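Peer 1: sequence and predicted model, in that order:
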Amino acid sequence: MIRFCARCDNTRWVCENHPDVPWLGNRACSCGGAGAPCPVCNRADGDDPEDVPDMPEGFVVESGRRTT
Ligand SMILES: [Zn+2]
Ligand SMILES: [Zn+2]
(Lines give C-alpha, C1' and ligand atoms only; values in the text may rest on other atoms or scores of the structure.)
(Ligands and ions follow the chains in the order given, each with its own letter.)
Protein backbone atom coordinates (compact mmCIF):
# COMPACT_ATOMS: atom_id res chain seq x y z
CA MET A 1 0.00 0.00 0.00
CA ILE A 2 1.31 3.41 -0.88
CA ARG A 3 1.40 5.76 2.05
CA PHE A 4 3.12 8.68 0.45
CA CYS A 5 4.37 9.01 -3.08
CA ALA A 6 7.50 11.12 -3.16
CA ARG A 7 7.47 11.22 -6.90
CA CYS A 8 4.24 13.13 -7.26
CA ASP A 9 3.76 14.36 -3.69
CA ASN A 10 0.59 12.30 -3.63
CA THR A 11 -0.99 14.49 -6.26
CA ARG A 12 -1.00 11.42 -8.54
CA TRP A 13 0.27 13.53 -11.42
CA VAL A 14 3.80 14.22 -12.54
CA CYS A 15 5.27 16.53 -15.14
CA GLU A 16 5.34 14.88 -18.52
CA ASN A 17 8.77 16.33 -19.19
CA HIS A 18 10.09 15.57 -15.71
CA PRO A 19 8.44 12.34 -14.56
CA ASP A 20 9.98 12.61 -11.12
CA VAL A 21 8.56 16.06 -10.41
CA PRO A 22 5.00 16.61 -9.22
CA TRP A 23 2.71 18.36 -11.64
CA LEU A 24 0.41 19.63 -8.92
CA GLY A 25 0.91 20.80 -5.37
CA ASN A 26 3.53 22.87 -3.63
CA ARG A 27 6.43 21.41 -5.58
CA ALA A 28 4.65 21.46 -8.91
CA CYS A 29 6.97 21.66 -11.88
CA SER A 30 7.08 25.12 -13.38
CA CYS A 31 8.36 24.15 -16.80
CA GLY A 32 4.90 24.52 -18.27
CA GLY A 33 4.82 20.97 -19.56
CA ALA A 34 1.78 18.78 -19.69
CA GLY A 35 0.79 16.53 -16.84
CA ALA A 36 1.12 12.78 -16.87
CA PRO A 37 -0.29 10.18 -14.50
CA CYS A 38 2.22 9.23 -11.85
CA PRO A 39 3.77 5.91 -12.95
CA VAL A 40 4.02 4.85 -9.32
CA CYS A 41 0.59 5.51 -7.86
CA ASN A 42 -1.66 6.46 -10.77
CA ARG A 43 -1.17 3.65 -13.19
CA ALA A 44 -3.97 2.85 -15.60
CA ASP A 45 -2.59 -0.03 -17.56
CA GLY A 46 -4.99 -2.65 -16.29
CA ASP A 47 -7.56 -4.54 -18.26
CA ASP A 48 -10.45 -2.66 -16.76
CA PRO A 49 -11.47 0.07 -19.20
CA GLU A 50 -12.89 2.02 -16.31
CA ASP A 51 -9.53 2.04 -14.60
CA VAL A 52 -8.55 5.42 -15.93
CA PRO A 53 -6.20 7.80 -14.18
CA ASP A 54 -7.70 10.19 -11.71
CA MET A 55 -7.84 13.55 -13.34
CA PRO A 56 -8.11 17.03 -11.95
CA GLU A 57 -11.58 18.34 -12.48
CA GLY A 58 -12.06 19.76 -15.94
CA PHE A 59 -8.67 18.59 -17.10
CA VAL A 60 -8.31 16.91 -20.46
CA VAL A 61 -5.33 14.75 -21.20
CA GLU A 62 -3.82 15.07 -24.60
CA SER A 63 -3.07 11.50 -25.44
CA GLY A 64 -2.27 10.62 -28.98
CA ARG A 65 0.40 8.04 -28.47
CA ARG A 66 -1.67 4.92 -28.40
CA THR A 67 -2.66 3.33 -31.64
CA THR A 68 -5.94 1.55 -31.80
ZN1 LIG B 1 8.60 19.84 -15.90
ZN1 LIG C 1 2.72 9.11 -7.30
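Peer 2: Looks like it came in fine. Ligands and ions are numbered 1, 2, ... in the order given.
Peer 1: surely Ala36 meets His18?
Peer 2: No: under the criterion of C-beta atoms under 8 Å, Ala36 makes no contact with His18, lying 9.7 Å away. C-beta here means a position set from N, CA and C on the backbone, and glycine is covered the same way.
Peer 1: quick one, which of the two is more surrounded?
Peer 2: More crowded of Ala36 and His18, by other C-beta atoms under 10 Å: Ala36, with 19 against 13.
Peer 1: what's the pLDDT at the more buried one?
Peer 2: Ala36 carries a pLDDT value of 94.
Peer 1: give me the beta-bridge partners of it?
Peer 2: Val14 (DSSP bridges).
Peer 1: ok, it - contacts?
Peer 2: 13-16, 19, 23 (C-beta atoms under 8 Å, 6 or more residues apart in numbering).
Peer 1: and for Val21?
Peer 2: Per C-beta under 8 Å, 6+ apart, neighbours of Val21: 14-15, 27-29.
Peer 1: repeat for Cys38
Peer 2: For Cys38, counting by C-beta under 8 Å, 6+ apart, the contacting residues are 5, 7-8, 11-14.
Peer 1: quick one: which of the contacts of Val21 has the most company?
Peer 2: Val14 (28 neighbours).
Peer 1: circling back to that earlier point, adding distance to Val40, write the contacts of Ala36 out as CSV.
Peer 2: As requested, these are exported to CSV (distance: C-beta to C-beta, whole Å):
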residue, distance to Val40
Trp13, 11
Val14, 9
Cys15, 14
Glu16, 15
Pro19, 10
Trp23, 13
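Peer 1: among the residues you listed, which one lies nearest to ligand 1?
Peer 2: Cys15 (3.3 Å; C-beta to the ion).
Peer 1: which parts of this structure sit against ligand 2?
Peer 2: By C-beta under 5 Å from the ion, the residues of the chain that approach ligand 2 are 5, 7-8, 38, 40-41.
Peer 1: which of those count as buried?
Peer 2: Those of the residues of the chain next to ligand 2 that meet the buried threshold are 5, 7-8, 38, 41, by 16 or more other C-beta atoms under 10 Å.
Peer 1: any chance of those residues in CSV, plus distance to Asp54?
Peer 2: CSV is the format used below for these (distance: C-beta to C-beta, whole Å):
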residue, distance to Asp54
Cys5, 12
Arg7, 15
Cys8, 11
Cys38, 10
Cys41, 10
